[in-house]
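> how would this look folded up:
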Amino acid sequence: MKRSRFTEEQIIGILREQEAGSKTADVCRKHGVSSATFYKWKAAYGGMDVSQARKLKVLEDENARLKRLLADAMLDNAVLKEVASKNW
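Predicted coordinates:
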């Protein structure tokens, strides 16, 4: 997945700038993002503060790690079942 050029802290700062009363188009132009990107960020980070965004990132990383572990375990299990089912 492509990494964003903005950190969570910067994204939340941009959202707060718009919430403070600036027009969305002006904020997007100032920071060089499209309005679609801005609204995607607003859906993901709207109403969050920086600490909550950091916690969300940590939880997402841990969830991805656990999914990889589960996939590896399931693959190992399938291989063992296949080996055990062969007639010697």
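
> so for the helix or strand that contains residue 66, what's the average pLDDT?
According to DSSP states H and E, residue 66 maps onto helix 50-85. The average pLDDT for helix 50-85 rounds to 93.

> cool, stretch 10-26 as well?
On average, stretch 10-26 scores 93.

> ok, back up a step: show me how far the helix holding residue 66 is from its chain's centre.
16 Å (C-alpha atoms, centre = their mean, to the nearest Å).

> any buried residues in it, and which?
For helix 50-85, the neighbour count (16 or more other C-beta atoms under 10 Å) marks residue 53 as buried. (C-beta placed from N, C-alpha, C; glycine too.)

> residues near residue 12, how many?
20 (other C-beta atoms under 10 Å).

> now it: how far from residue 66?
26 Å (C-beta to C-beta, to the nearest Å).

> try residue 19
34 Å.

> repeat that for residue 36.
Residue 36 is 31 Å from residue 66, by C-beta to C-beta.

> and if you look at residue 29?
Residue 29 sits 40 Å away from residue 66, going by C-beta to C-beta.

> let me see the contact set for the nearest residue to residue 27 once chain neighbours are set aside.
The shortest distance from residue 27 to any non-neighbouring residue, by C-beta to C-beta, 6 or more residues apart in numbering, is to residue 18 (4.7 Å). Residue 18 makes contact with 24, 27, 38 under the criterion C-beta atoms under 8 Å, 6 or more residues apart in numbering.

> what is whichever strand or helix holds the last one packed up against?
The secondary structure element spanning residue 38 is helix 35-45 (assigned by DSSP H and E). Of the remaining helices and strands, those touching helix 35-45 by 3 or more C-beta pairs under 8 Å, 6 or more residues apart in numbering; DSSP states H and E are helix 8-19, helix 24-31.
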